[in-house]
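K.L.:
output the structure for:
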Amino acid sequence: MGFGDLKSPAGLQVLNTFLADRSYIEGYVPSQADVAVYEALSGAPPGDLFHVLRWYNHIKSYEKQKGSLPGVKQPLGKYGPSDIEDTTGSKATESKEDDDDDIDLFGSDEEEESEESKRIREERLAQYESKKSKKPALIAKSSILLDVKPWDDETDMAKLEECVRSIQMDGLLWGQSKLVPVGYGIRKLQIGCVVEDDKVGTDILEEQITAFEDYVQSMDVAAFNKI
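P.N.:
Numbering: from 1, shown residues only. Prediction:
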């Protein structure tokens, strides 16, 4: 497993593809897996890598809370596609630090070791790109930002968001959310999602969200972008 070198364009492209249909590295909430991958990046990814940038900005918002996120942080190579080898160099470093090993699996010539790691990485990435090129065309998707308005300032907004996120269907993936003041102490829920165009439409989302009539007054589409 692994993403390759996440400081290289090739590694970032692998991560971007991996996050195309995921909100997080593992599971459905931010965890130590996200922290491990986030810390391996050299900075914010370029804007054309939409999925990585969305995920990066979301995890960045947990910067001060990352130590309290669930899970146990593992080596970077434990995350990512199963057909990409971990090339972070962690195994080589571990081997060099253990001077008592009877067998040196990586050899004593550092230059040869570096060339071998580079060769393996390039072969694995070439295999990954070859497999990806043979896959069917990507499914058309859209990124949607919704405004969900409560009845009044006494509406339990945490419960309202819980109701919205409880809506699960094939082709729907919920993303980041925040509460936005609208006046008179009332706040609306602004929540993003990624949908497969052939499976989920805004009319279906509106119908299911407004069905929680004890909490929801109305729903509007704040932004709609094709991915």
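K.L.:
so, low pLDDT: which residues of this structure?
P.N.:
Along the chain, the model assigns pLDDT under 70 to residues 1, 82-113, 132-137.
K.L.:
now the helices for it?
P.N.:
Applying DSSP state H to the chain gives helices spanning 9-18, 32-40, 50-60, 90-97, 110-133, 157-165, 202-209.
K.L.:
out of those, flag the one nearest Gln176.
P.N.:
helix 50-60 (4.9 Å; C-beta to C-beta). (Each C-beta comes from the backbone N, C-alpha and C, glycine too.)
K.L.:
list the buried residues in the closest one.
P.N.:
Within helix 50-60, the residues that count as buried by 16 or more other C-beta atoms under 10 Å are 50-56, 58-59.
K.L.:
distance to Arg124 added to these, as CSV?
P.N.:
Formatted as CSV, the buried residues of helix 50-60 follow (distance: C-beta to C-beta, whole Å):
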residue, distance to Arg124
Phe50, 24
His51, 21
Val52, 19
Leu53, 24
Arg54, 26
Trp55, 22
Tyr56, 24
His58, 28
Ile59, 25
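K.L.:
between the residues you listed, which sits nearest Thr17?
P.N.:
Distances from Thr17 to those, taken by C-beta to C-beta, are shortest for His51, at 7.7 Å.
K.L.:
which residues touch the nearest residue to the closest one once chain neighbours are set aside?
P.N.:
Distance criterion C-beta to C-beta, 6 or more residues apart in numbering; nearest residue to His51, sequence neighbours excluded, is Leu19 at 4.1 Å. Counting by C-beta atoms under 8 Å, 6 or more residues apart in numbering, Leu19 touches 25, 51-52, 54-55.
K.L.:
show me the two of these that sit farthest apart.
P.N.:
Ile25 and Arg54 (13.1 Å).
K.L.:
so for Tyr215, which of the helices of the chain sits nearest?
P.N.:
Using C-beta to C-beta and comparing these, the one that lies nearest Tyr215 is helix 157-165, at 4.2 Å.
K.L.:
quick check: buried residues in that closest one?
P.N.:
For helix 157-165, by 16+ other C-beta under 10 Å, it's 157, 160-161, 163-164.
K.L.:
from the chain's centroid, how far away is that helix?
P.N.:
The chain centre lies 22 Å from the centre of helix 157-165; the measure is C-alpha atoms, centre = their mean, to the nearest Å.
K.L.:
same check on stretch 167-179?
P.N.:
Per C-alpha atoms, centre = their mean, the centroid offset for stretch 167-179 relative to its chain is 13 Å.
K.L.:
next, count neighbours for Asp152.
P.N.:
By other C-beta atoms under 10 Å, the residues close to Asp152 number 9.
K.L.:
ok, and the closest non-adjacent residue to it?
P.N.:
Closest residue to Asp152 apart from its sequence neighbours, by C-beta to C-beta, 6+ apart: Ile186 at 6.4 Å.
K.L.:
of the buried residues of helix 50-60, which is the nearest to Glu206?
P.N.:
Closest to Glu206, out of all of the buried residues of helix 50-60 and judged by C-beta to C-beta, is Arg54, at 23.0 Å.
K.L.:
the closest one against Gly175, yeah?
P.N.:
Yes: Arg54 lies in contact with Gly175 (C-beta atoms under 8 Å); the separation is 7.0 Å.
K.L.:
name the residues contacting each of these two.
P.N.:
Counting by C-beta under 8 Å, 6+ apart, nothing touches both Arg54 and Gly175.
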